[in-house]
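1. Build the 3D model from these lines:
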Amino acid sequence: MSADLALLGPILAAMLAAATPLLFAALGELVVEKSGVLNLGVEGMMLVGAVCGFAVTAQTGSSTLGFAMGAAAGAGMAALFGVLTLLLLANQVATGLALTLFGVGLSALIGQGFVGIPIPDVPELNIPGLTDLPVIGKALFGQDALVYLGLAMVPAVHWFLYGSRRGLILRAVGENHAAAHALGYKVVRIRFLAVLFGGAMSGIAGAYLSLDYTPMWAEGITAGRGWIALALVVFATWKPGRVLLGAWLFGGVTIAQLHVQGLGIDIPSQLLSMLPYLATVVVLVLISRDVTRIRLNAPASLGKIFHPDA
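-> Numbering: from 1, shown residues only. Just a heads-up that it's a prediction; the model follows:
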């Protein structure tokens, strides 16, 4: 096997790993937005999930408990957002931004005592005969369980939204909450559950970063991935399958910046660090030109406050 093909396998495996936290966070936010709620606090929920998951793993030695705690921490942050916006009717945009700022500070506070502490490695799948296949073996059959769970969540979310009665109700709430309320559906409860799901998914995404992708805790470990996940939802025009493609795209860009200089291409490191975020801006600009498609796919009640007595 040539040196180029030998290099392609690890790059592909790294791309799938880099896409996983984006996939979890974006799928969670997609469900939230389909219910008509706009939560811009993904970055903050990811950070709190990352530090809480790391803290539990460092104390117990169990990455399973760490991921569970990450999901619970993200859901707890989301519950705070839900109380403020769905029950107290606070502005969703302002509350989401405040949630991110709160998550940045809270994660830094909790994580002070965990900087530089080692944790056990998350075990990877190893299927004899398949993991050793050239190029695709390590990428497809040598990842950890969270990579496969993220991939499985794509058809699961698609089925829930478009193949189940509960998903139909959730989408109805996101399209016209007043009509859904008139039909007897509990709009606030449905949206609150969607917000909790989105928070749990963001918490898992953050825990994946601190427990597996870069098994360490450092302030700001998410490095803006929460904002990229938000952009991914728009990029995917609120379709789960397109979220997967977008996550792979941005995961590939993230890995590309790490390998470009290794190939001898003389590009400033600062420019390479900008690539994932520059790609996000370019994609959003290109998508925003198709206003009709965005209007057709975006939930009609997205970001609008629901007044039960109105």
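
2. Could I get the full set of strands for the stretch 101-250 of the chain?
-> Taking DSSP state E, counting those that start in this stretch as the test, none of the stretch 101-250 of the chain falls into strands.

3. give me every residue that touches the closest residue to Thr20 other than its chain neighbours.
-> Nearest residue to Thr20, sequence neighbours excluded (CB to CB, 6 or more residues apart in numbering): Gly150, at 4.7 Å. For the C-beta atoms, the positions are set from N, CA and C on the backbone; glycine is no exception. Gly150 makes contact with Ala19, Thr20, Leu23, Phe24, Leu27, according to CB atoms under 8 Å, 6 or more residues apart in numbering.

4. Using CSV, lay out those residues together with distance to Gln257.
-> Below are the contacts of Gly150 laid out as CSV (distance: CB to CB, whole Å):
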residue, distance to Gln257
Ala19, 14
Thr20, 17
Leu23, 19
Phe24, 21
Leu27, 24
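
5. so where is the stretch 1-150 of the chain shaky, pLDDT-wise?
-> Low-confidence segments of the stretch 1-150 of the chain, defined by pLDDT under 70: 1-9, 128-139.

6. where along it do the helices fall?
-> Using DSSP state H, counting those that start in this stretch, the helices of the stretch 1-150 of the chain run over 3-34, 42-60, 63-82, 92-110, 136-141, 145-163.

7. out of those, nearest to Ile255?
-> Proximity to Ile255, assessed across those by CB to CB, is greatest for helix 3-34 (4.9 Å).

8. wait, is His307 part of a helix?
-> No - counting by DSSP: H, G, I helix; E, B strand; the rest coil, His307 is not found in a helix; it is coil.

9. what about Thr95, how many neighbours?
-> 21 (other CB atoms under 10 Å).

10. er, Ala50 actually
-> Neighbourhood size, Ala50 [other CB under 10 Å]: 36.

11. mind listing what it touches?
-> When the contact criterion is CB under 8 Å, 6+ apart, the partners of Ala50 are Gly70, Ser107, Gly206, Ala207, Leu209, Ser210, Trp217, Ile221, Thr222.
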